[in-house]
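Visitor: Provided below are the primary sequence and the corresponding predicted coordinates.
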Amino acid sequence: MTGHDGRQDEAEEDQVPGSAVDIKAGDDQGSDQRDGGCRVLRVVGELNFGGTEMRTAELLPRLSAAGVEVHLVTLSDRVGPGPLAGVVGRYGGSVTPIPLDVRFVTRFLHLLGRLRPDVVHVDCANFSGVLLSLAALRGVPGRVAHFRGDDNQSRNLRRRVYRWICGRLLRICGTDILGVSPSSLTCAYDPRWRDDPRCQVVLNGLDLDRLRRPSRDDLREMIGAGPADMVCVSVGRASPEKRRWLLPPILAELRDRGIEAHAVLIGPGDDADDERVRTAAAAAGLADRVHLLGPRDDVGGLLSQADVVVHPSCLEGLPGGVLEPVALGVGTVAADLPGVRFIDEHLPGVTIVDIDATPQAWASAVCAAASHTKTTAAPVAAERFARSVFAIDTAATTHLTMYRRRASARPHRNRRAAEQPVAGLLEAVRNERSDDDGRPATAAGSRVDRAG
């Protein structure tokens, strides 16, 4: 989910942005010393409040406890106040900003040579193919691409060519290709992904303990809502695909039905997007009932005080903005997307509307979802979630199995390849033709069990 809280693990102070993090723009971190554990270099676009950052931050304590050392690269010179910025250092890792400029390739290869990771794990959609090809040049045995969105938008010719090139690199150099849901692999990678033995669905796990921490604020008191007012919460960053500007028309329709409601929007703001929301609220005569709180570190505690959650986004992979309130027993309305339907298949509490639904249809769905909240006890929802495929321990086990398999497969010849980049890539291309038992394979690396 985007716009999430930065709290992670038992120590609240660990979430202060920049605390205990080694940040050196474009320089080396780490050393050539290996301690027998597993070293992972995780690459993300920009450290901020977002779904990728939240899910990675929640996994770090569990991975560290199992002997996995995680370092991060961000493809931006900006390290924002997201949940990863203050927690990586505590668990033995570092954050290296390497912006995408003319020196990027040299800096990235140099960092790979210094850290010598067992696995490079990239969360950069199709651009993952480029980064994994560089990892193959350095002889990194584990090269993981992680698709987190459905990427179902129309593309022009330039984008199609770009995606084809990146996809080709990924097919040659990737050893593991992950998706947060079946649809993320279908739409973002290849509709025939089930025929690719490297592909598997790795569901986002949520830390239920974090979600159940109480907020320091009484939400109704903070926004001035009356005892009978409906409180609708929406969590997500301010970006066009989140369609936050749909909230005021939905409130207006509820008002026409005699229901006084407030909308609470949580997540990092954007001047243009925030202004669009405010303009829509003013046009509906609801300027005093639409509240933009910005990013919060107590999202779970605020969600638990909501009557209903509204998630109008039109582009998602496995939306945390839907999964988190459902885990708390809060009825949630969301647009009809594959990832939303996937959640609905496993847990109750989701009311789905057409992606182009009118405010009237959204309002009717909001009323239905609010009824679910009233009739669902939070402990019951939590117990149900803990037994589900979305539990955090399930995700951690999957990551550990994958990382350890790749780390244990690091032979001495790969260490020589780390000093001979061209030889490392040639080996990756040769391995594309066959796997260890001589059967045809589509990429370098061993076979992976598939899920979904």
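Guide: Received it, and whenever you're ready, just let me know what you need.

Visitor: I'd guessed Glu260 sits against Ala228; true?
Guide: Yes: Glu260 is within contact range of Ala228, at 7.0 Å (criterion: Cβ atoms under 8 Å). Just so you know, the C-beta spots here come from the backbone N, C-alpha and C atoms, and that holds for glycine as well.

Visitor: Mind checking which of these two has more residues around it?
Guide: Between Glu260 and Ala228, Glu260 has the larger neighbour count (other Cβ atoms under 10 Å), namely 13 against 7.

Visitor: So for the residue nearest to the spatial centre of the chain, what's the nearest residue that isn't a sequence neighbour?
Guide: Most central in the chain under Cα atoms, centre = their mean is Thr52, positioned 2.5 Å from the mean C-alpha point. Closest residue to Thr52 in three dimensions, ignoring its sequence neighbours and counting by Cβ to Cβ, 6 or more residues apart in numbering: Asp123, at 4.8 Å.

Visitor: give the contact list for the one you found.
Guide: With contacts defined as Cβ atoms under 8 Å, 6 or more residues apart in numbering, the neighbours of Asp123 are Arg42, Val43, Val44, Gly45, Thr52, Thr56, His146, Arg148.

Visitor: Then Asp274?
Guide: When contacts are taken as Cβ under 8 Å, 6+ apart, Asp274 is in contact with Ala238, Leu292.

Visitor: helix or strand for it, which one?
Guide: Under the assignment given by DSSP states H and E, the secondary-structure element containing Asp274 is helix 271-283.

Visitor: Just the buried residues of that helix, please?
Guide: Asp273, Asp274, Arg276, Val277, Ala280, Ala281 (16 or more other Cβ atoms under 10 Å).

Visitor: and what of stretch 326-346?
Guide: Taking 16+ other Cβ under 10 Å as the neighbour-count basis, stretch 326-346 is seen to contain the buried residues 326-335, 337-340, 342-344.

Visitor: among these, which are in helices?
Guide: Cross-referencing the buried residues of stretch 326-346 with the helices (criterion: DSSP state H) gives Val326, Ala327, Pro338, Gly339, Val340, Phe342, Ile343, Asp344 as the overlap.

Visitor: for the stretch 351-452 of the chain, which spans come out with low pLDDT?
Guide: 410-452 (pLDDT under 70).

Visitor: Strands of that one, residue ranges please.
Guide: According to DSSP state E, counting those that start in this stretch, the stretch 351-452 of the chain carries no segments that qualify as strands.

Visitor: May I see the buried residues of helix 271-283 organised as a markdown table, with distance to Arg138 and pLDDT added?
Guide: Compiled in a markdown table, these are given as follows (distance: Cβ to Cβ, whole Å; pLDDT from 0 to 100):
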| residue | distance to Arg138 | pLDDT |
| --- | --- | --- |
| Asp273 | 39 | 95 |
| Asp274 | 43 | 95 |
| Arg276 | 45 | 96 |
| Val277 | 45 | 97 |
| Ala280 | 50 | 97 |
| Ala281 | 52 | 97 |
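
Visitor: Pick the one among those closest to Glu316.
Guide: Within the buried residues of helix 271-283, the smallest distance to Glu316 is 16.9 Å, found for Asp273 (Cβ to Cβ).

Visitor: Setting the sequence-adjacent residues aside, check what's closest to that closest one.
Guide: For Asp273, ignoring the flanking residues on the chain, the nearest one in space by Cβ to Cβ, 6+ apart is Ala238 at 3.8 Å.

Visitor: which residues touch Pro359?
Guide: Leu246, Pro249, Ile250, Ala252, Glu253.

Visitor: Quick check: the fourth one touching Ala287?
Guide: No: with contacts counted by Cβ under 8 Å, Ala252 stays clear of Ala287, the gap being 11.9 Å.

Visitor: higher neighbour count, those two?
Guide: Between Ala252 and Ala287, counting by other Cβ under 10 Å, Ala252 is the more crowded of the two (19 against 13).

Visitor: Can you tell me the SS state at the more buried one?
Guide: Reducing the assignment at Ala252 to three states with DSSP: H, G, I helix; E, B strand; the rest coil gives helix.

Visitor: Can you report phi and psi for the residue lying closest to it once chain neighbours are set aside?
Guide: Leaving out its chain neighbours, the residue that sits closest to Ala252 by Cβ to Cβ, 6+ apart is Ala284, at 4.1 Å. Summarising the backbone geometry of Ala284 under the convention degrees, to the nearest 10, its torsions are phi -90, psi 0.

Visitor: any idea how far Ala284 lies from Leu251?
Guide: Plainly put, Ala284 is 7 Å away from Leu251 if you go by Cβ to Cβ, to the nearest Å.

Visitor: just Phe147 next, same as before
Guide: With Cβ to Cβ as the criterion, Phe147 and Leu251 are 35 Å apart.

Visitor: again, but for Ser184
Guide: Counting by Cβ to Cβ, the gap from Ser184 to Leu251 is 32 Å.

Visitor: residue ranges for the strands of the stretch 151-300 of the chain, please.
Guide: When secondary structure is read from DSSP E, counting those that start in this stretch, the stretch 151-300 of the chain shows strands at 176-179, 199-201, 230-235, 261-266, 290-294.

Visitor: closest one to Phe104 among those?
Guide: When those are compared by Cβ to Cβ, strand 176-179 sits nearest Phe104, at 23.0 Å.

Visitor: Pull the CA coordinates from the closest one and hand them back as CSV.
Guide: Once side chains and other backbone atoms are set aside, the C-alpha atoms of strand 176-179 remain, and they are given as CSV (Å, rounded to 0.1, in the frame of the first residue of the first chain):
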residue,chain,number,x,y,z
ASP,A,176,13.5,-15.8,-10.3
ILE,A,177,10.5,-13.7,-11.5
LEU,A,178,8.0,-12.9,-8.8
GLY,A,179,4.6,-11.3,-8.9
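
Visitor: And it, what's buried?
Guide: Counting neighbours by 16+ other Cβ under 10 Å, strand 176-179 gives Asp176, Ile177, Leu178, Gly179 as buried.

Visitor: list the contacts for the residue nearest to the centre of the chain?
Guide: If a contact means Cβ under 8 Å, 6+ apart, then Thr52 has Val44, Gly45, Asp123, Arg148 as its contacts.

Visitor: Can you tell me the element it falls in?
Guide: For Thr52, the host element (DSSP H and E) is helix 51-65.

Visitor: any idea which helix or strand comes after that helix?
Guide: Per DSSP H and E, helix 51-65 leads on to strand 68-74 as the next helix or strand towards the C-terminus.

Visitor: same question for that next one, mean pLDDT?
Guide: Mean per-residue pLDDT for strand 68-74: 94.

Visitor: and it, what other elements does it pack with?
Guide: Other helices and strands packing on strand 68-74, by 3 or more Cβ pairs under 8 Å, 6 or more residues apart in numbering; DSSP states H and E, are strand 38-44, helix 51-65, strand 95-97, helix 104-115, helix 392-408.
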